[in-house]
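Visitor: sequence? don't have it. structure:
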(Lines give C-alpha, C1' and ligand atoms only; values in the text may rest on other atoms or scores of the structure.)
Protein backbone atom coordinates (compact mmCIF):
# COMPACT_ATOMS: atom_id res chain seq x y z
CA UNK A 1 0.00 0.00 0.00
CA UNK A 2 1.37 3.36 -0.98
CA UNK A 3 1.73 5.93 1.77
CA UNK A 4 -0.35 9.07 1.49
CA UNK A 5 1.41 12.34 0.77
CA UNK A 6 1.63 14.61 3.79
CA UNK A 7 -0.61 17.10 1.98
CA UNK A 8 -3.60 14.75 1.91
CA UNK A 9 -3.16 13.90 5.58
CA UNK A 10 -2.88 17.62 6.42
CA UNK A 11 -6.12 18.22 4.49
CA UNK A 12 -7.79 15.44 6.47
CA UNK A 13 -6.52 16.98 9.71
CA UNK A 14 -7.99 20.30 8.54
CA UNK A 15 -11.37 18.49 8.21
CA UNK A 16 -11.52 18.61 4.41
CA UNK A 17 -14.36 16.22 3.40
CA UNK A 18 -12.76 15.55 -0.03
CA UNK A 19 -9.54 14.40 1.65
CA UNK A 20 -11.60 12.13 3.91
CA UNK A 21 -13.32 10.62 0.85
CA UNK A 22 -9.95 9.93 -0.78
CA UNK A 23 -8.59 8.37 2.43
CA UNK A 24 -11.71 6.19 2.66
CA UNK A 25 -11.39 5.07 -0.97
CA UNK A 26 -7.73 4.22 -0.46
CA UNK A 27 -7.95 2.39 2.88
CA UNK A 28 -11.48 1.06 3.42
CA UNK A 29 -10.97 -2.30 1.69
CA UNK A 30 -7.82 -3.19 3.62
CA UNK A 31 -9.29 -1.88 6.83
CA UNK A 32 -12.41 -3.98 6.34
CA UNK A 33 -10.18 -7.06 5.84
CA UNK A 34 -8.48 -6.52 9.19
CA UNK A 35 -11.77 -5.95 10.97
CA UNK A 36 -13.45 -8.96 9.38
CA UNK A 37 -10.56 -11.25 10.30
CA UNK A 38 -11.23 -10.41 13.95
CA UNK A 39 -15.06 -10.25 14.12
CA UNK A 40 -15.80 -12.85 11.40
CA UNK A 41 -19.21 -11.37 10.61
CA UNK A 42 -19.94 -9.26 7.51
CA UNK A 43 -22.57 -7.04 9.12
CA UNK A 44 -20.57 -6.40 12.29
CA UNK A 45 -17.40 -5.74 10.27
CA UNK A 46 -19.25 -3.14 8.19
CA UNK A 47 -20.56 -1.51 11.37
CA UNK A 48 -17.08 -1.42 12.91
CA UNK A 49 -15.64 -0.05 9.64
CA UNK A 50 -18.06 2.90 9.89
CA UNK A 51 -17.00 3.48 13.49
CA UNK A 52 -13.33 3.31 12.53
CA UNK A 53 -13.63 5.92 9.81
CA UNK A 54 -15.64 8.12 12.14
CA UNK A 55 -12.75 7.86 14.63
CA UNK A 56 -10.26 8.64 11.85
CA UNK A 57 -12.25 11.78 10.98
CA UNK A 58 -12.63 12.85 14.61
CA UNK A 59 -9.07 12.00 15.70
CA UNK A 60 -7.14 12.90 12.53
CA UNK A 61 -5.26 15.68 14.28
CA UNK A 62 -3.81 13.14 16.73
CA UNK A 63 -1.92 11.37 13.91
CA UNK A 64 1.79 12.17 14.05
CA UNK A 65 3.97 11.07 11.14
CA UNK A 66 7.06 10.96 13.37
CA UNK A 67 5.46 8.08 15.31
CA UNK A 68 4.73 5.91 12.28
CA UNK A 69 3.03 5.55 8.92
CA UNK A 70 -0.54 6.74 8.43
CA UNK A 71 -1.64 3.31 7.19
CA UNK A 72 -0.30 1.71 10.38
CA UNK A 73 -2.20 4.29 12.44
CA UNK A 74 -5.42 3.45 10.56
CA UNK A 75 -4.91 -0.31 10.97
CA UNK A 76 -4.26 0.08 14.70
CA UNK A 77 -7.53 1.96 15.10
CA UNK A 78 -9.32 -0.76 13.10
CA UNK A 79 -7.75 -3.65 14.98
CA UNK A 80 -8.47 -2.10 18.37
CA UNK A 81 -12.08 -1.30 17.43
CA UNK A 82 -12.61 -4.87 16.19
CA UNK A 83 -11.13 -6.34 19.36
CA UNK A 84 -13.26 -4.01 21.50
CA UNK A 85 -16.33 -5.16 19.58
CA UNK A 86 -15.54 -8.85 20.21
CA UNK A 87 -15.20 -8.15 23.91
CA UNK A 88 -18.56 -6.38 24.11
CA UNK A 89 -21.47 -8.12 25.80
CA UNK A 90 -23.73 -7.75 22.73
CA UNK A 91 -21.17 -9.46 20.48
CA UNK A 92 -20.65 -12.33 22.91
CA UNK A 93 -24.40 -12.85 23.22
CA UNK A 94 -24.81 -12.89 19.44
CA UNK A 95 -22.06 -15.48 19.06
CA UNK A 96 -23.63 -17.90 21.55
CA UNK A 97 -25.78 -19.44 18.82
CA UNK A 98 -23.26 -19.85 16.03
CA UNK A 99 -23.75 -22.11 13.05
CA UNK A 100 -21.55 -25.12 12.34
CA UNK A 101 -20.25 -23.27 9.25
CA UNK A 102 -18.60 -20.68 11.49
CA UNK A 103 -16.62 -23.35 13.32
CA UNK A 104 -15.64 -25.12 10.11
CA UNK A 105 -14.23 -21.80 8.83
CA UNK A 106 -12.26 -21.34 12.03
CA UNK A 107 -10.81 -24.84 11.84
CA UNK A 108 -9.86 -24.43 8.19
CA UNK A 109 -8.14 -21.10 8.89
CA UNK A 110 -6.56 -22.05 12.21
CA UNK A 111 -3.22 -22.87 10.60
CA UNK A 112 -3.56 -20.63 7.54
CA UNK A 113 -3.33 -16.88 7.95
CA UNK A 114 -2.62 -16.22 4.27
CA UNK A 115 -6.20 -15.11 3.49
CA UNK A 116 -6.02 -12.54 6.27
CA UNK A 117 -2.59 -11.19 5.50
CA UNK A 118 -3.44 -11.06 1.83
CA UNK A 119 -6.36 -8.79 2.70
CA UNK A 120 -3.95 -6.11 3.92
CA UNK A 121 -1.20 -6.80 1.39
CA UNK A 122 1.54 -8.22 3.60
CA UNK A 123 1.27 -11.92 2.75
CA UNK A 124 4.71 -12.18 1.15
CA UNK A 125 6.31 -10.56 4.20
CA UNK A 126 4.55 -12.79 6.74
CA UNK A 127 5.44 -15.88 4.71
CA UNK A 128 9.14 -15.04 5.19
CA UNK A 129 8.82 -15.36 8.98
CA UNK A 130 9.45 -18.46 11.07
CA UNK A 131 6.41 -20.68 11.80
CA UNK A 132 6.20 -19.63 15.46
CA UNK A 133 6.13 -15.98 14.35
CA UNK A 134 3.25 -16.70 11.99
CA UNK A 135 1.29 -18.33 14.83
CA UNK A 136 1.94 -15.49 17.27
CA UNK A 137 1.14 -12.75 14.74
CA UNK A 138 -2.01 -14.60 13.69
CA UNK A 139 -3.27 -14.83 17.25
CA UNK A 140 -2.29 -11.35 18.43
CA UNK A 141 -2.93 -9.24 15.36
CA UNK A 142 -5.46 -11.11 13.24
CA UNK A 143 -7.56 -12.96 15.79
CA UNK A 144 -7.44 -10.30 18.48
CA UNK A 145 -6.00 -12.44 21.29
CA UNK A 146 -4.36 -10.75 24.24
CA UNK A 147 -0.83 -11.86 25.03
CA UNK A 148 -2.20 -13.82 28.01
CA UNK A 149 -4.74 -15.58 25.80
CA UNK A 150 -2.03 -16.39 23.22
CA UNK A 151 0.11 -17.77 26.04
CA UNK A 152 -2.69 -20.16 27.02
CA UNK A 153 -3.53 -21.08 23.41
CA UNK A 154 0.09 -21.89 22.53
CA UNK A 155 0.90 -23.32 25.96
CA UNK A 156 3.89 -20.99 26.37
CA UNK A 157 4.90 -18.76 29.27
CA UNK A 158 3.63 -15.17 28.95
CA UNK A 159 7.20 -13.82 28.96
CA UNK A 160 8.08 -16.05 26.00
CA UNK A 161 5.05 -14.78 24.06
CA UNK A 162 6.04 -11.17 24.77
CA UNK A 163 9.66 -11.72 23.75
CA UNK A 164 8.80 -13.68 20.61
CA UNK A 165 6.15 -11.13 19.63
CA UNK A 166 8.68 -8.30 19.95
CA UNK A 167 11.31 -10.29 18.02
CA UNK A 168 8.83 -11.28 15.29
CA UNK A 169 7.60 -7.72 14.83
CA UNK A 170 11.20 -6.50 14.66
CA UNK A 171 11.96 -9.15 12.04
CA UNK A 172 8.88 -8.09 10.08
CA UNK A 173 10.08 -4.46 10.24
CA UNK A 174 13.48 -5.56 8.90
CA UNK A 175 11.82 -7.41 6.02
CA UNK A 176 9.63 -4.42 5.21
CA UNK A 177 12.58 -2.04 5.07
CA UNK A 178 14.72 -4.26 2.81
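Guide: Cool, the structure landed. Since the structure is predicted, the reported quantities are computational estimates derived from the model, not experimental observations.
Visitor: only C-alpha atoms for contact and neighbour calcs from this point on.
Guide: Noted.
Visitor: show me the shaky parts of the chain.
Guide: 1-5, 89-123 (pLDDT under 70).
Visitor: now what about the lengthiest helix in it, what contacts it?
Guide: Ranked by residue count, the top helix of the chain under DSSP state H comes out as helix 17-39. Residues from elsewhere that reach helix 17-39, judged by C-alpha atoms under 8 Å, 6 or more residues apart in numbering: 8-9, 11-12, 42, 45-46, 48-49, 53, 57, 71, 74-75, 78-79, 81-83, 85-86, 116, 119-121, 142-144.
Visitor: could I have the buried ones of these as ChimeraX selection syntax?
Guide: Filtering those down to the buried ones (16 or more other C-alpha atoms under 10 Å) takes a single ChimeraX command:
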select :8,9,12,45,48,49,53,57,71,74,75,78,79,81,82,83,85,86,116,119,120,142,143,144
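Visitor: taking the contacts of helix 17-39 one by one, which sit in helices?
Guide: Per DSSP H, these map to helices at 8-9, 11-12, 42, 45-46, 48-49, 53, 57, 71, 74-75, 78-79, 81-83, 85-86, 116, 119.
Visitor: show me how the protein divides into domains.
Guide: Residue ranges for the domains of the chain, per automatic domain parsing: 1-97, 99-178.
Visitor: what about the longest one, distance to the chain center?
Guide: What separates the centre of domain 1-97 from the centre of its chain is 9 Å, taken as C-alpha atoms, centre = their mean, to the nearest Å.
Visitor: number of nearby residues for residue 29?
Guide: Using other C-alpha atoms under 10 Å, residue 29 has 14 neighbouring residues.
Visitor: and if you look at residue 63?
Guide: Residue 63 has 17 nearby residues by other C-alpha under 10 Å.
Visitor: ok, it touching residue 71?
Guide: No - using C-alpha atoms under 8 Å, residue 63 is not in contact with residue 71; the gap is 10.5 Å.
Visitor: before we move on, the earlier item: buried residues in the longest helix of the chain?
Guide: Neighbour counts over helix 17-39 (16+ other C-alpha under 10 Å) mark 19-20, 23, 26-28, 30-39 as buried.
Visitor: swap in stretch 163-174?
Guide: 164, 165, 168, 169, 171, 172.
Visitor: can you give the distance from it to the centre of its chain?
Guide: 16 Å.
Visitor: list the contacts for residue 83?
Guide: Each residue near residue 83 by C-alpha under 8 Å, 6+ apart is listed here: 38, 39, 144.
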